[in-house]
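Enquirer: show me how the following folds:
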Amino acid sequence: MSYIDWNRFLAGYQKHRGGSFFSCGRERLNQCDSQLVLPDGEEPPLLILLRQCAEGRGSWDNLIARTTIPLDGSYSLHIRRKDLTGAGFQTLMSLAGERRDYGDPAALKGRVVTTDDRAFTKLVLGDRELRNALTARPGDSLRVAPGPLDDGAHTVEVCCENFDGTLTQRSPWLTDHIAALTDDCFFKDDGEKSALQKAAQEDFDRQMDGFLAFLRAARDAVKRWPVKK
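Expert: Residues are numbered from 1 along each chain as shown. This is a model prediction of the structure:
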């Protein structure tokens, strides 16, 4: 399949949802590299990052969304898929007692949870909206971490590690409409191409709405409780 211009889809999302879009420029259209800063009412803005990652001879496209919250103490949490951690790491975390039942097996199925405050994390994961978001987005990870200054600022981040998908697992972002843009457009007239692009953009917007709903649910769940240190 040919290259998918995810930058174009993020720019289209900005047209529909607002915010400020930053692109790597047309001369690098084959590189996944753009950002969107999206206002979020009275809350701090949301930062959406599209980027290309590389390791060895391989490369993949990565999607991250971040926001910031103030907490009255330091707190860290990382929830990610088991297949994104090595077997040795999983065994070590299990022996250390970091993988615990936080009350909702469906939301945490196939995931590893690490945190520096288990009691607080149980409160966070007791939030229904966050549990629903975790269940709805099994391929995405969540991270909460203190910022560089000792001022209570924390980053809340959700990530889709490889939203192009793999040979064995198709990405929910790669819908039939989006795939058809690269597979079938050569044989379509302008009207058909326009209709397909519109449908593909609607698919992307729907996925991004869900991705950002996950971020908002995590933000709200974490800041709902005081951190006791």
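Enquirer: nearest residue to Thr175 in space, please, no chain neighbours.
Expert: Among residues not flanking Thr175 along the chain, Asp203 sits closest, at 4.1 Å (C-beta to C-beta, 6 or more residues apart in numbering). Backbone N, C-alpha and C define where each C-beta goes, glycine included.
Enquirer: cool, Cys53 as well?
Expert: Take Cys53 and drop its neighbours on the chain: the residue closest to it by C-beta to C-beta, 6+ apart is Asn62, 4.9 Å away.
Enquirer: how about the secondary structure of the one you found?
Expert: Following DSSP: H, G, I helix; E, B strand; the rest coil, Asn62 is assigned to strand.
Enquirer: what are the ranges of the helices in this structure?
Expert: Listed in chain order, the helices of the chain (DSSP state H) span 6-17, 87-96, 105-108, 118-124, 128-136, 176-183, 190-223.
Enquirer: any low-confidence regions in this protein?
Expert: Applying pLDDT under 70 to the chain flags the ranges 1-3, 26-30, 54-59, 84-104, 166-168, 183-187, 228-229.
Enquirer: tally of neighbours for Leu123?
Expert: Leu123 has 16 neighbours, counted by other C-beta atoms under 10 Å.
Enquirer: how close does the nearest residue to it once chain neighbours are set aside get to Pro148?
Expert: Distances taken as C-beta to C-beta, 6+ apart place Trp225 nearest to Leu123, at 4.8 Å, with adjacent residues excluded. Using C-beta to C-beta, to the nearest Å, Trp225 is found at 23 Å from Pro148.
Enquirer: of these two, give the one with the bigger neighbour count.
Expert: Trp225 (15 against 7).
Enquirer: and the nearest residue to Leu130 once chain neighbours are set aside, what is it in contact with?
Expert: Counting by C-beta to C-beta, 6+ apart, Leu130 lies nearest to Ala221, which is 4.1 Å off, once chain neighbours are set aside. Ala221 makes contact with Val124, Leu125, Asp127, Glu129, Leu130, according to C-beta atoms under 8 Å, 6 or more residues apart in numbering.
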